[in-house]
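# test case, fold it:
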Amino acid sequence: MTLQAESVAPMLQTIEADLPAGTVLHLWLKAWGDGDEARLFVTVERRDVADPSTRRIEEFEFFEVTLGTGGRTVLAYDVTTTTLSIAYAFRPDTVLEEGIHVLHRDARTAPPQVPESYHFRPPFGWMNDPNGFGRFGGKAHLFYQHYPHDPRWNTMHWGHAVSQDFLRWTHLPIFLFPAAHLSEKDDGRGGAFSGSAIPIAGPEGEEIRIFYTEHVRDRQPEEQIQLSAVSRDGIVAGTSKIVLPLRPEGLNLTTDFRDPYVFKGPDGFWKMLLGSRDQMGGVVLLYETTDPQGADGWTFVGIVHREDRFGMTAAECPCMVPLGGKGDDPKTRWALIFGLLTSRDPATGRRNLTSVTVGRFDGRRFEPEFEQELDFGSDAYAFQAFVDGEEPVGMAWLANWTDFSKKEDFPTAMTLPRRVLLDGDAVLTPPIAAVESLRHTLIDDTALAAGEAVPLGNGAVEIVLDLAELGAAFDLAFDHPDVKLGVRLDDEGLAIVFDVGTGKTPPRYIAAGANPKELRIFLDAGSIEVFADNGRWTGTKRIPGFSAARSARLTGTVAAAKIWQLKL
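Have a look, this model is predicted:
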């Protein structure tokens, strides 16, 4: 498949590509104004193939065109009447290996131009929570909250990508679309919200069953209900079916009833967690079914956990994974992870924290033993994990709702994929071993330790510090054009130094009392991630904009320091 740059006539925009027979085009159009008709003309070797049209002016309308023959394909439209948001092409029989080929995207929806960046970003538009993170058909699948037409939250779709190593991703067609009536206007009334995915047996092999919340603002009696759909090809979701139309009665729950996370319990049955809220704070609800397909028979078991710290409202995006053993082993402990929506830590000013509670789970009751914070940087939100082989792997949205407003748009990323481990009474979240494959060039192994300023090349780096002793103080400062940035360890603990220079006192991103011996610090365009002592303390912070840190300087004595240039 070869592409040619777009050419512009006085009133006509054309997009040309050599496409084989069987290629599927996904197109989104809308009219410029009242009375206009948006129309796109599709020809192959100068023969008319399709001319989708719409009179919509508020939101883009989706069209799918399949090419019966191959050859020079031209998409043409009148720019005075027609707006084309996105056009991409793919071959269904090879898309899992080749991915989609983006033919056109509006400049506003394009991802940032950071070619050396190693974090996952969508090919266009807005992204937030990971959904349905799992392995299906031998490939890791990442579904995610997605709005294709603007780098701002709006009517939710599910984007989709696959990978062999959780790092190098192939973009696939949009997997799940919102209900048609929600796509008529760009008013954010609702859509296909967060959820999860499980493998099920189908007549021709493994299939993917997804669960998600459909949210419709001001709908009665429920704004939020749970739906399920099956994908037989791993590319697109089939017809959705309601599985939970109502909140459980008698609990005085708010309308929050969302983010179904489905997993296999220790008793072998499918379990579903949902985030909600009652008059006292956030609650995590538990459902179960004996249906091996997970399609029907979901019954409410009870409130499995409650949290009311830091002024939180709803528990959001819950997930649960076994730690250090098989899920059906009674000795295995489980980690319950969820976001504390609208929470604020009064000691640090950080918002929207994420909690990890470890305890025993028999399939119906969860008995907590200890809890900790997932990430002291608090920008690893909506964390979702699944058991990949022998241990859980998770990923989060590399942002926080504190950064988002209706007036400010920004492209975001996912965190580095992380293992979820148990070490005594601590949960560790180190990066997966495959991140070492990102090491491209060793920049330095002497100058940083000697206190010299070390240039960071394109700014995509990993810094490894081996301290002289546990908790040895240091101050690592980065020269960044937009923010004051660094990593510091002192008597108070381990901190990400971060200040955008507004004159307001910024939150303190600190793991109080941390005394690590070894650190791995990952810098990329728009982010910093700190992993201390194999992820015993993990901190993630989004950096506004996509400028690179130019250099690093270390104050304090370390046993060794290395800096690697990273590259996908």
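# drop to CA atoms for contacts and neighbour counts, all remaining ones
Will do.
# give me the domain ranges for the chain.
Domain ranges of the chain: 2-104, 126-428, 433-566, per automatic domain parsing.
# endpoints of stretch 43-57, how far apart?
Across stretch 43-57, the terminal residues are separated by 25 Å (CA to CA, to the nearest Å).
# and the strands in the stretch 101-250 of the chain?
Along the stretch 101-250 of the chain, the segments classed as strands by DSSP state E, counting those that start in this stretch run 101-105, 126-136, 139-147, 157-163, 169-171, 190-202, 205-216, 224-231, 241-244.
# same check, this time on the stretch 401-550 of the chain
Ranges of strands in the stretch 401-550 of the chain, per DSSP E, counting those that start in this stretch, are 413-414, 418-419, 421-422, 427-428, 439-444, 454-455, 461-467, 474-479, 484-490, 493-499, 509-512, 518-524, 527-532, 537-542.
# how far out from the middle of the chain is the third one?
In terms of CA atoms, centre = their mean, to the nearest Å, the centre of strand 421-422 is found 22 Å from the chain centre.
# and that strand, what does it pack onto?
Judged by 3 or more CA pairs under 8 Å, 6 or more residues apart in numbering; DSSP states H and E, the packing partners of strand 421-422 are strand 427-428.
# contacts for the strand it packs on next, please.
For strand 427-428, contacts defined as CA atoms under 8 Å, 6 or more residues apart in numbering pick out 356, 372, 419, 420, 421, 422, 534, 535, 536, 537.
# re earlier: hey, which of the domains of the chain is tucked in deepest?
Across the domains of the chain, averaging neighbours per residue (mean count of other CA atoms under 10 Å) puts domain 126-428 on top, at a mean of 20.
# what about that domain, start to end distance?
End to end - CA to CA - domain 126-428 spans 30 Å.
# now residue 245: closest residue in space, sequence neighbours ignored.
For residue 245, ignoring the flanking residues on the chain, the nearest one in space by CA to CA, 6 or more residues apart in numbering is residue 225 at 5.2 Å.
# then residue 206?
Spatial nearest neighbour of residue 206, excluding adjacent residues (CA to CA, 6+ apart): residue 200 at 5.7 Å.
# between the contacts of strand 427-428, which is nearest residue 346?
residue 372 (16.5 Å; CA to CA).
# which residues sit in contact with the closest one?
355, 356, 357, 426, 427.
# the closest residue to residue 369 other than its chain neighbours sits in which helix or strand?
Nearest residue to residue 369, sequence neighbours excluded (CA to CA, 6+ apart): residue 359, at 4.7 Å. Counting by DSSP states H and E, the element that carries residue 359 is strand 354-361.
# so what pairs up with the closest residue to residue 475 other than its chain neighbours in the strands?
Distances taken as CA to CA, 6+ apart place residue 488 nearest to residue 475, at 4.5 Å, with adjacent residues excluded. For residue 488, the beta-bridge partners are residue 475, residue 495 (DSSP bridges).
# equivalent analysis for residue 394, please.
residue 385, residue 418.
# from residue 469, how far out is it?
30 Å.
# returning to what we had before: would CSV of the domains of the chain with distance to residue 118 and mean pLDDT be doable?
CSV is the format used below for those (distance: least, CA to CA, whole Å; pLDDT from 0 to 100):
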stretch, distance to residue 118, mean pLDDT
domain 2-104, 18, 92
domain 126-428, 7, 95
domain 433-566, 7, 96
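# possible to save those as TSV with distance to residue 117?
Output for the domains of the chain, formatted as TSV (distance: least, CA to CA, whole Å):
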stretch	distance to residue 117
domain 2-104	19
domain 126-428	10
domain 433-566	6
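# circling back: closest to residue 377 out of the strands of the stretch 101-250 of the chain?
Closest to residue 377 of the strands of the stretch 101-250 of the chain, according to CA to CA: strand 126-136, at 17.0 Å.
# so what's the residue nearest the centre of the chain bridging to?
Geometric centre of the chain, nearest residue: residue 130, 3.4 Å, by CA atoms, centre = their mean. Under DSSP bridges, the beta-bridge partners of residue 130 are residue 144.
# surely it touches residue 398?
No. Contact between residue 130 and residue 398 fails when scored by CA atoms under 8 Å: they sit 10.1 Å apart.
# just list whatever residues bridge to residue 206.
Beta-bridge partners of residue 206, as defined by DSSP bridges: residue 201.
# do the same with the one 4 residues further on
Beta-bridge pairing for residue 210 (DSSP bridges): residue 197, residue 229.
# for the stretch 201-350 of the chain, what spans make up the helices?
Using DSSP state H, counting those that start in this stretch, no helices are assigned anywhere in the stretch 201-350 of the chain.
# can I get the contacts of strand 427-428 in JSON lines with distance to residue 87?
Rendered in JSON lines, the data for the contacts of strand 427-428 read as follows (distance: CA to CA, whole Å):
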{"residue": "356", "distance to residue 87": "41"}
{"residue": "372", "distance to residue 87": "45"}
{"residue": "419", "distance to residue 87": "36"}
{"residue": "420", "distance to residue 87": "38"}
{"residue": "421", "distance to residue 87": "42"}
{"residue": "422", "distance to residue 87": "45"}
{"residue": "534", "distance to residue 87": "43"}
{"residue": "535", "distance to residue 87": "41"}
{"residue": "536", "distance to residue 87": "44"}
{"residue": "537", "distance to residue 87": "43"}
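# and the residue nearest to residue 288 when sequence neighbours are not counted, what does it touch?
Of all residues not flanking residue 288 in the chain, residue 271 sits nearest, at 4.4 Å (CA to CA, 6+ apart). Neighbouring residues of residue 271 by CA under 8 Å, 6+ apart: 262, 263, 264, 265, 286, 287, 288, 289, 363.
# next step: these restricted to strands.
With strands taken from DSSP state E, the overlap with the contacts of residue 271 comprises 262, 263, 264, 286, 287, 288, 289.
# out of those, which is nearest to residue 158?
Nearest member of these to residue 158, counting by CA to CA, is residue 262, at 17.0 Å.
# now that closest one. Nearest residue, chain neighbours left out?
Nearest non-adjacent residue to residue 262 (CA to CA, 6+ apart): residue 272, at 4.4 Å.
# does the one you found touch residue 286 like I think?
Yes. Using CA under 8 Å, residue 272 is in contact with residue 286, at 5.7 Å.
# returning to that earlier point: parallel or antiparallel, list what pairs with the strand holding residue 359.
Looking at strand 354-361 with DSSP bridges, its partner strands are strand 333-340 (antiparallel), strand 366-373 (antiparallel).
# same list, these, but as JSON lines with distance to residue 294 please.
Shown next, in JSON lines, are those (distance: least, CA to CA, whole Å):
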{"stretch": "strand 333-340", "distance to residue 294": "21"}
{"stretch": "strand 366-373", "distance to residue 294": "21"}
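# what about residue 515, distance to residue 325?
Note on residue 515: its distance to residue 325, by CA to CA, is 28 Å.
# before we move on, back to that, for the contacts of residue 271, could you give me JSON lines that also reports distance to residue 345?
Listed next are those as JSON lines, based on distance: CA to CA, whole Å:
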{"residue": "262", "distance to residue 345": "30"}
{"residue": "263", "distance to residue 345": "31"}
{"residue": "264", "distance to residue 345": "33"}
{"residue": "265", "distance to residue 345": "33"}
{"residue": "286", "distance to residue 345": "27"}
{"residue": "287", "distance to residue 345": "31"}
{"residue": "288", "distance to residue 345": "34"}
{"residue": "289", "distance to residue 345": "37"}
{"residue": "363", "distance to residue 345": "32"}
